[in-house]
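*Asks:* this one's structure only:
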DNA sequence: GTGTCATATGACTAAATAATCATATGTACT
DNA sequence: AGTACATATGATTATTTAGTCATATGACAC
């Protein structure tokens, strides 16, 4: 492997951990068709505002979403450059190698 | 988003969760330069055998490693087709967007 | 400045996940 | 069959992570 510094390890953990959580994943999905503010995300996902804020903070920390303040609202947009190809890759993987999981096995 | 069945959601969670764990990530790294049996992985990583087995089972479940029994040893090889481009993608992301994390911030 | 809406933060609790321990299974060799 | 080595499994405990609650901050309008 291209062994890098131990902060790289931390970054991997934070990155993948951010995507592993179902609610965060839903938030990312909510943003996939365009930037939205926190209230809009809450409405779309039916999540509590504080929970959304906490999770957006983590997603931002990992460079997966970018905030933009307009007036009193804060709009978030997903990092298309990473998220799009990543999800494409994973979708292909899941279809090919995770048939057991898809079948409901666990 | 390309919304799929809820088992897809489960698959995403399992997939990313598998990579989020530091020890599992180390196991994947240990396998990156060729297939190894459990004992060899233990020696390389300095992890306990039961822990390695538990984690290999999960990685296998997610289609990230493939087992092959030869005699009394079980050799595991990483799923290059997914892991290689995935890590490449993430490395690029981390370099670009996670400078704060790389700088030790948390 | 006061009130209101939008979002963020910190502390605490609840829930999920991982590591460990004890033990079982499986294979080969004698 | 008996022993030794290799790996797997299940149950329990420890640790991590996420969600909730109370509250703070920030921006705007009056």
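*Replies:* Structure received. Keep in mind that this is a model prediction, so the values were computed, not measured.
*Asks:* how about the residues of chain A by DNA strand D?
*Replies:* Applying Cβ under 7 Å from any atom of the strand, one finds that chain A approaches DNA strand D through A:13, A:17-18, A:20-24, A:47-48, A:50-51, A:54-55, A:58, A:69, A:71-72. (C-beta placed from N, C-alpha, C; glycine too.)
*Asks:* mind doing that once more with 10 Å?
*Replies:* Chain A comes close to DNA strand D at residues A:10, A:13-14, A:16-24, A:26-27, A:47-55, A:58, A:69-74, as judged by Cβ under 10 Å from any atom of the strand.
*Asks:* which of those fall in helices?
*Replies:* Among the residues of chain A next to DNA strand D, the members falling in helices are A:10, A:13-14, A:16-20, A:22-24, A:26-27, A:49-55, A:58 (criterion: DSSP state H).
*Asks:* assign the closest residue in space to residue A:97 that isn't next to it in sequence to helix, strand or coil.
*Replies:* Leaving out its chain neighbours, the residue that sits closest to residue A:97 by Cβ to Cβ, 6 or more residues apart in numbering or on different chains is residue B:63, at 2.6 Å. Applying DSSP: H, G, I helix; E, B strand; the rest coil to residue B:63 yields a three-state assignment of coil.
*Asks:* does the helix ranked longest in chain A come close to DNA strand C?
*Replies:* Determined from DSSP H, the single longest helix within chain A is helix A:80-97. No: judged by Cβ under 10 Å from any atom of the strand, helix A:80-97 and DNA strand C are separated, with a smallest distance of 16.7 Å.
*Asks:* which elements pack onto that helix?
*Replies:* Using 3 or more Cβ pairs under 8 Å, 6 or more residues apart in numbering or on different chains; DSSP states H and E as the contact definition, the elements that helix A:80-97 packs against are helix A:99-102, helix B:6-20, helix B:80-97.
*Asks:* rerun at 10 Å
*Replies:* The contact analysis (3 or more Cβ pairs under 10 Å, 6 or more residues apart in numbering or on different chains; DSSP states H and E) places helix A:80-97 against helix A:6-20, helix A:22-31, helix A:99-102, helix B:6-20, helix B:80-97.
*Asks:* for the fourth one, what is the average pLDDT?
*Replies:* The reference is to helix B:6-20. For helix B:6-20, mean pLDDT is 91.
*Asks:* buried ones in that helix?
*Replies:* Residues B:7-8, B:10-20 are the ones in helix B:6-20 that count as buried (16 or more other Cβ atoms under 10 Å in any protein chain shown).
*Asks:* likewise the last one?
*Replies:* If you call a residue buried by 16+ other Cβ under 10 Å, then helix B:80-97 has these buried ones: B:82, B:83, B:86, B:87, B:90, B:93, B:94, B:97.
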